[in-house]
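Q: What would the 3D arrangement of this be:
(one chain, ligands or ions: 2)
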Amino acid sequence: MEKVILYKNSQVFDVKIQLASSKSESNRALIINALSGFKGDLQNLSSARDTQTMIRLLQSTDAVADVIDAGTTMRFLTAYFTATNQAKTMTGTPRMCERPIGILVEALKTIGAEIDYQKQEGYPPLQIHGIGEQKSNEVTIRGDVSSQYISALLMIAPTLPQGLTIHLTGELGSIPYIKMTLAQMQAFGVEAEANWEEKVIKVAPQSYAPTSYQVESDWSGASYWYSIVALSTFEDTKVELFGLKENSLQGDSAIVEIMSQLGVKSTFTKDGVLLTKVPAQNSLTWDFTNCPDLAQTVAVTCVAKGIEATFTGIESLKIKETDRILALQNELAKFGGSLTEVVTNTEYKVSGSGFAFGSADISIATYDDHRMAMAFAPLAMLTDVTIEEPHVVVKSYPSFWDDLKKVVSIEQPTV
Ligand SMILES: O=C(O)C1=C[C@@H](OP(=O)(O)O)[C@@H](O)[C@H](O)C1
Ligand SMILES: C=C(OP(=O)(O)O)C(=O)O
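A: Ligands and ions are numbered 1, 2, ... in the order given. Below is the predicted model of the structure:
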């Protein structure tokens, strides 16, 4: 098994990190730019595998589009290939074929698409045949499973002959990602009308204008650095993260507010944000509905600091790269932590006794999930820790281990 051993940090540090750029913003920019005729100028695109896969598949003339494990790439391209009438087989890893897509496929069929499931109804692999005459300019779609279906529909909406009105039902999750989509559409000259009370978004037929677009650094990736500062035992520890903005399109910038309670102060500079240590509170209550990708980072930080926490809004974690709730439960237990469901499908308690590491023999399994590897790596502020299958980080933050080397000594044993 491939693994890295992280040796406990033993000194104060003051480092500057050029953060990876956002794969969410990159993947939207790529789809919208494709819909504007590939004529824009996209800057600072992410080196994440999810984005590199998007670039490759947008250029490919192959009949099969294999997204590997990239959720946005699967969902956005399913809508894009449909709207641009390209016959494609959409597939991915075995886990990708367990992640639901029926809600998006049914909405596309309502509009006029012809799509078949190749194996199990509601799941990849899919065969996209294309779209005929637009059958409807209204769809009703659940907003409580994945916002990616809604973003996918929104991006193609202005290119449909009759535009599209999307009615959302249920409790809406990941709304900042929908707002990010709308903001990037606007940057490419397309206006949409969103009524959040009525849960309706209306997009008239319009053309995207080729644009020069600069992608921001990745706030989800920043979260691991916040955790590193929160767990550092040296009061004067400092990390400056470049390329982040105070007014971000990314909902994961909520990490600023969360970590202000867990002992990290954020000071915005002309280049990004400077993280320094401040006293932490002894409890945290947070609703992750709008920032599900932060839940693992925050759970590990709370357990390692012995901070009792109440989490809500984490149901969608079960259908991501792995069942992240189960994965967290298994791995937190390795250093005395727990994530317990206290109200079915609603409320979870995170507990841990802080520095209960015992012998230094903790080895964290990562379940093909980049965020499992990166969320547990900050434990190296407190103990030696092994992270299994460390290559998983390529999904969103390929330079993570190189960046981490600035603060932790890392050994990669040969197998
Ligand atoms: O639209 C996006 O870029 C994303 C939306 C979120 O997914 P859900 O909408 O499925 O929660 C998030 O977890 C994912 O990492 C990226
Ligand atoms: C859930 C994630 O990505 P996706 O759904 O795009 O695979 C993630 O990056 O944490």
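Q: Quick check: closest non-adjacent residue to the residue nearest to the spatial centre of the chain.
A: Centroid check for the chain by CA atoms, centre = their mean gives residue 293 as the closest residue, at 5.2 Å. Residue nearest to residue 293 in three dimensions, not counting chain neighbours: residue 220, with 4.7 Å by CB to CB, 6 or more residues apart in numbering. (Each C-beta comes from the backbone N, C-alpha and C, glycine too.)
Q: Are we agreed that the one you found is in a strand?
A: No. Read with DSSP: H, G, I helix; E, B strand; the rest coil, residue 220 is helix and lies in no strand.
Q: How much space separates it from residue 177?
A: 11 Å (CB to CB, to the nearest Å).
Q: residues contacting the residue of the stretch 51-200 of the chain found nearest ligand 2?
A: Closest approach between the stretch 51-200 of the chain and ligand 2, counting by CB to the nearest ligand atom: residue 71, at 2.5 Å. Counting by CB atoms under 8 Å, 6 or more residues apart in numbering, residue 71 makes contact with 50, 96, 99, 146, 148, 320, 321.
Q: and the protein, which of its residues are near ligand 2?
A: Among all residues of the chain, those adjacent to ligand 2 (criterion: CB under 6 Å from any ligand atom) are 70, 71, 72, 293, 320, 321, 371, 396.
Q: Next up, the contacts around the first one.
A: Yep, that's residue 70 we're talking about. Taking CB under 8 Å, 6+ apart, one finds 27, 49, 50, 53, 54, 92, 96, 395 in contact with residue 70.
Q: Give me the subset of these that lies in strands.
A: Using DSSP state E, the subset of the contacts of residue 70 located in strands is empty.
Q: which of those residues lies closest to residue 326?
A: If you rank the contacts of residue 70 by distance to residue 326 using CB to CB, residue 96 comes first, at 17.9 Å.
Q: so that closest one makes contact with residue 66?
A: No. Counting by CB atoms under 8 Å, residue 96 sits too far from residue 66 to count as a contact (9.0 Å).
Q: Quick check: neighbours shared by residue 220 and residue 177?
A: Common contacts of residue 220 and residue 177 (CB under 8 Å, 6+ apart): residue 24.
Q: Would you quantify the distance from the residue of the chain most remote from its centre to residue 85?
A: Most distant from the centre of the chain: residue 133, at 34.3 Å, with distances by CA atoms, centre = their mean. Distance, residue 133 to residue 85, by CB to CB: 12 Å.
Q: cool, and residue 363?
A: Residue 363 sits 49 Å away from residue 85, taking CB to CB as the criterion.
Q: hang on, the earlier thing: the contacts of residue 70 in helices, which ones?
A: 27, 49, 50, 53, 54 (DSSP state H).
Q: ranking those by neighbours, who comes first?
A: Using other CB atoms under 10 Å as the neighbour test, the ones in helices among the contacts of residue 70 are led by residue 27, with 30 neighbours.
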